[in-house]
Each structure stands twice: as C-alpha cells, then as structure tokens.
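Engineer: no FASTA, just this:
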C-alpha cells in the first residue's frame with residue numbers, strides 16, 4: 001500500500017494540471033473584464049472576511065501579494081468562505097483570518113478578560129517549563145500579547161515524519177480584539193511557506209497555549225521545521241498546555257477530558273453540527289481527491305472553535321489561580337471537583353486560596369451519590385493533621401462504605417478506623433471488626449491476581465493487626481472475668497461477716 005506522502009504527491013501533480021487550466025480561464029476572464037494592474041500582471045485578491053460576528057479588515061493584518069503569475073489560482077469556494085491565498089519568499093499557502101472585536105463572549109467568558117488573567121497563569125507556566133530554565137535564568141512573564149494559542153489538524157495521529165499538519169490554527173490577543181488565523185496547504189509544496197508564516201508569528205510570542213500541544217502539536221511542528229530545512233536554536237517558546245490542569249481537576253468528574261467535553265461541561269459551550277477532529281484527515285483526503293474546498297469548511301470551523309476555547313480555558317484557569325472561584329468562575333457543584341481544585345492550587349503554590357477551599361469542604365455536606373473513595377481519604381488525612389478528628393472519622397466511614405461496594409475495593413479506610421478505635425477510643429471490638437473487614441477486602445481484591453511480595457506483605461500486616469486485637473480482646477475479657485470474680489468474692493465475704 002502506498003504511503004500517505006506518495007498519495008499526496010500524486011494528487012499534487014493532478015492538482016497542478018487542474019490549476020493550470022483554471023489559470024488559463026481566469027486569464028481570459030481578466031482580459032475580457034480589464035481587471036489587473038498593468039504590465040505586472042499581479043492581482044490583489046484580499047477578501048474582506050465576514051463570517052457573522054467576525055471580520056478581517058483591521059488589526060494585525062498580513063500583507064501579501066496574491067495570484068502572482070507563478071501561483072495557483074484560488075478556488076472560488078475558498079474565497080466564498082473568507083480564505084485568501086498568501087505568498088511569501090517560500091511559496092504560497094491559504095489563510096483564513098477572523099477578528100473578534102471586544103467585548104466578545106465565548107461561552108461563560110468574555111475574551112477581553114485575557115488582559116487580567118494571563119499574568120495569573122505564571123505558576124502554571126513555571127511548572128511546565130522548569131526543565132528548560134537554567135539556574136539564574138530570569139522567569140519569562142506571561143502576558144496576553146505574548147501568548148500564541150495553537151491547534152493543528154493533521155493527516156494522522158502520530159508524531160512521525162509521515163504525519164503532516166495540513167492546517168494550523170493560531171489565536172492572538174490585541175488590545176481591542178482576539179484574532180484567529182488559520183493556514184491551509186493544498187499540497188506538500190506549500191508547507192515551507194506555511195511554516196515560515198508560523199515562524200514569523202512565533203518571533204513576538206513567549207508562550208504557546210495549547211491542549212496537549214506540548215506532547216503532540218509542538219513536537220510535530222518542530223519535526224516539520226527540521227524536515228523543511230530549519231534547525232531549532234535555543235530553548236524554544238514556553239508552553240501552557242491546558243490538558244494537564246484539565247486532567248488534574250476533571251479526570252474523575254467528567255466522562256472525558258477531551259476539549260469538546262470540557263468546554264461543554266465547564267465553559268458553557270455546546271457545539272452543534274461540529275465536525276469531529278478525528279474526521280479531519282479523511283476530509284482532507286477527499287479535498288485532495290476532487291479539489292472541492294467545501295469538504296474543509298467544517299474542519300475550519302472546528303479548528304476555529306478549538307482556538308477560541310483555548311482562550312476561554314486560559315481565562316478559566318486564570319480565575320482559579322487568582323482566587324476568583326465563586327465570583328468570576330462558577331463554584332463547582334461536585335465536592336470532588338472542589339477538592340481537586342484545592343489540591344491543584346496547593347501544588348502550584350497558591351496555599352491561601354487552597355486553604356479557603358479546604359475550609360469550605362469542611363463545612364460542606366457530603367452528597368450521598370458520590371462514588372469517590374480517593375478524595376475522601378486524602379481529605380481525611382488533612383483533617384487528621386489539623387486535629388479535626390470528627391471530620392476525619394466521618395470521611396473514613398463514608399470511604400469504608402464506598403470500598404465495600406466497589407468492584408476494586410480498597411482497605412485503607414477500614415485500617416484507619418481500626419487504628420482510631422484501638423488507640424484512641426480503646427474499643428477493641430469495633431477495632432477488630434474494621435481490621436477483619438480490611439483483611440477480607442484485601443483477599444477479595446487480590447483473589448484473581450498473582451500474589452506478589454507486596455501483596456503478601458499487605459496481607460501479613462493486616463493479619464498481624466487482627467491477631468493483636470484478638471489477643472487484646474482476650475486479655476480484656478480475662479481481666480473483666482477476674483475483676484468480676486474478685487467483686488463476687490468480696491461481696492460474699494461481706495455477707496458472711498454480717
């Protein structure tokens with residue numbers, strides 16, 4: 001089977017033939033209508049972009065000469081969708097440019113809020129880029145104008161040499177608007193020109209904001225730069241990959257951490273008739289096959305929404321890091337999400353805001369339907385350290401009930417209860433009940449698994465705890481019987497004396 005690259009090359013050759021015919025027709029039409037600018041033969045095909053709420057007449061406008069003699073003629077269906085052909089020293093590519101003038105809302109947030117929220121993302125940027133910083137290097141500030149929101153549509157899912165980003169979506173902030181620019185290549189010969197355009201954009205940016213871009217999009221683009229003759233110098237741009245905080249906060253409360261799921265559940269967005277990103281490669285192949293731009297309309301719109309949602313996520317996480325939860329950002333409905341937000345803030349050095357949320361958790365009534373075990377155990381540890389044993393016991397008891405119903409049960413809550421009743425309450429009967437429950441859960445959990453040294457150690461410790469408690473109960477029973485016997489004997493002696 002021929003590789004995707006070989007198919008692209010064959011289709012490129014076919015497309016060139018069709019483009020030559022289109023050029024001849026266009027030249028005849030131009031001559032008849034007297035369109036042009038004299039001897040140069042260069043036409044300006046800049047199109048005023050109008051797509052509902054967006055226009056492309058102002059802002060950071062790309063200057064380019066289009067439709068030069070050696071360039072392909074732009075298909076009219078591209079022009080109808082607000083796409084222009086751009087030429088630079090490396091060749092041509094296609095560009096769609098949209099400007100969202102402030103105020104403009106995307107879901108819950110107005111994108112003008114980036115002005116205040118960007119700098120609050122500094123702790124996240126510090127964590128994600130610490131490996132690139134050398135000792136003594138100054139920390140790069142996070143500013144709204146320094147962010148490049150990046151999302152790619154590719155011919156495949158890997159990061160190998162055969163995977164090509166045929167569309168790159170870029171979002172940038174200005175004082176009066178948010179601008180989305182989307183590049184498209186019609187064949188591999190346009191890739192260098194597209195990458196040169198991206199390289200120019202990166203010169204004035206300090207951070208790439210993405211969703212899994214640190215792992216997927218940027219390594220792929222770096223590889224394409226190298227394949228096209230560029231060599232990386234320096235550490236490259238910093239990263240703000242929003243997939244990582246999304247997983248930290250929502251991995252247990254949302255069915256998935258895909259961007260479309262997160263934006264629907266937490267950003268107040270619902271995509272209607274959206275083309276899934278997984279279909280983008282297939283639609284691009286269709287376009288290469290018949291040169292019909294309409295196959296890509298949905299891909300452009302999907303990519304555009306992704307870029308806008310990246311900006312909305314930057315605002316959301318900025319509000320969380322800035323202590324705006326409950327005011328600018330909605331208060332989580334689920335207790336587990338509130339706990340995970342607090343834990344995330346604590347890990348990024350926002351201790352004061354984290355403590356505020358932990359304090360709120362201490363006062364919150366636990367929802368009956370929650371099936372989470374892990375966060376209850378972790379929060380119980382915090383309450384135990386703070387001396388709030390009543391709250392810790394309540395959480396251990398809830399976690400123990402959840403563990404008993406779970407398909408993959410855990411014994412830790414029962415062990416904590418056993419220790420509490422043994423050492424603090426001195427109720428060895430309840431302590432033994434919990435210790436035996438922990439041992440039974442351990443046997444149930446590992447019954448179908450090969451018994452490793454670690455599993456044997458767990459079972460041995462639980463068995464030792466049960467044996468110790470049985471002995472303590474036996475000694476207590478014997479002591480009670482002895483005390484009762486002494487009391488009975490003393491009573492009889494007193495009766496005899498009378």
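Structural biologist: Thanks, I have the structure now. If you're wondering where the values come from, they're calculated on a predicted model, not measured in any experiment. Numbering: from 1, shown residues only.

Engineer: Report all helices and strands that the helix of greatest length in the chain contacts.
Structural biologist: The single longest helix within the chain, with elements called by DSSP state H, is helix 453-497. When contacts are defined as 3 or more C-beta pairs under 8 Å, 6 or more residues apart in numbering; DSSP states H and E, helix 453-497 packs onto helix 412-420, helix 428-445. Every residue, glycine included, has its C-beta placed from N, CA and C.

Engineer: What mean pLDDT does whatever helix or strand residue 286 lives in get?
Structural biologist: Assigned by DSSP states H and E, residue 286 belongs to helix 280-290. Averaged over helix 280-290, pLDDT sits at 96.

Engineer: what do you get for stretch 235-255?
Structural biologist: For stretch 235-255, mean pLDDT rounds to 94.

Engineer: distance of the residue lying closest to residue 283 once chain neighbours are set aside from residue 275?
Structural biologist: Closest residue in space to residue 283, ignoring its immediate chain neighbours: residue 295 at 4.8 Å, by C-beta to C-beta, 6 or more residues apart in numbering. In this structure, residue 295 and residue 275 are separated by 10 Å, where distance is defined by C-beta to C-beta, to the nearest Å.

Engineer: same question, residue 143
Structural biologist: Taking C-beta to C-beta as the measure, residue 143 and residue 275 are separated by 33 Å.

Engineer: just for the stretch 151-300 of the chain, where's the confidence low?
Structural biologist: Low-confidence regions of the stretch 151-300 of the chain, defined by pLDDT under 70, span residues 158-160.

Engineer: could you pull out the helices for it?
Structural biologist: Listed in chain order, the helices of the stretch 151-300 of the chain (DSSP state H, counting those that start in this stretch) span residues 191-202, 218-227, 243-250, 259-266, 280-290, 297-321.

Engineer: out of the ones you listed, which comes closest to residue 471?
Structural biologist: Ranking the helices of the stretch 151-300 of the chain by their distance to residue 471 (criterion: C-beta to C-beta) puts helix 243-250 first, at 44.9 Å.

Engineer: thinking again about what came up before, compare the helices and strands packed on helix 453-497 and give me the one nearest residue 483.
Structural biologist: The closest of the helices and strands packed on helix 453-497 to residue 483 is helix 428-445. By C-beta to C-beta, the value is 16.3 Å.

Engineer: taking the helices and strands packed on helix 453-497 together, which one is wrapped up most tightly?
Structural biologist: Here the criterion is mean neighbour count by mean count of other C-beta atoms under 10 Å, and of the helices and strands packed on helix 453-497 the winner is helix 412-420, at a mean of 22.

Engineer: Tell me the helices and strands packed up against it.
Structural biologist: Taking 3+ C-beta pairs under 8 Å, 6+ apart as the contact definition, the neighbouring helices and strands of helix 412-420 are helix 374-385, helix 389-405, helix 428-445, helix 453-497.

Engineer: chain center to it: distance?
Structural biologist: Between the centre of helix 412-420 and the centre of its host chain there is 36 Å, according to C-alpha atoms, centre = their mean, to the nearest Å.

Engineer: For that helix, which outside residues touch it?
Structural biologist: Residues outside helix 412-420 that contact it (C-beta atoms under 8 Å, 6 or more residues apart in numbering): 373, 376-377, 380, 389, 392-393, 396-397, 399-400, 402-403, 430-432, 434-435, 437-438, 441, 462, 465, 469.

Engineer: quick one, it and helix 428-445 angle?
Structural biologist: Using axes from the mean of the first three to the mean of the last three C-alpha atoms, to 10 degrees, the inter-axis angle of helix 412-420 relative to helix 428-445 is 160 degrees.

Engineer: Mean confidence (pLDDT) on helix 412-420, please.
Structural biologist: Confidence for helix 412-420, expressed as mean pLDDT, is 96.

Engineer: Can you pull the residues that touch both of residue 295 and residue 275?
Structural biologist: Among the neighbours of residue 295, those also in contact with residue 275 (C-beta under 8 Å, 6+ apart) are residue 283.

Engineer: And the helices of the stretch 151-300 of the chain: which comes nearest residue 169?
Structural biologist: Distances from residue 169 to each of the helices of the stretch 151-300 of the chain were compared using C-beta to C-beta; the minimum, 4.2 Å, belongs to helix 297-321.

Engineer: Okay, now the unreliable bits of the stretch 301-450 of the chain?
Structural biologist: Within the stretch 301-450 of the chain, the ranges that satisfy pLDDT under 70 run 365-371.

Engineer: Point out the other helices and strands that the lengthiest strand in the chain packs with.
Structural biologist: Longest among the strand segments of the chain by residue count, using DSSP state E, is strand 91-101. Applying 3+ C-beta pairs under 8 Å, 6+ apart, one finds that strand 91-101 contacts strand 54-55, strand 83-88, strand 177-184, helix 191-202, helix 297-321.

Engineer: which is the next helix or strand following that strand?
Structural biologist: Sequence order places strand 105-106 as the next helix or strand after strand 91-101, per DSSP H and E.

Engineer: Great, nothing more from me.
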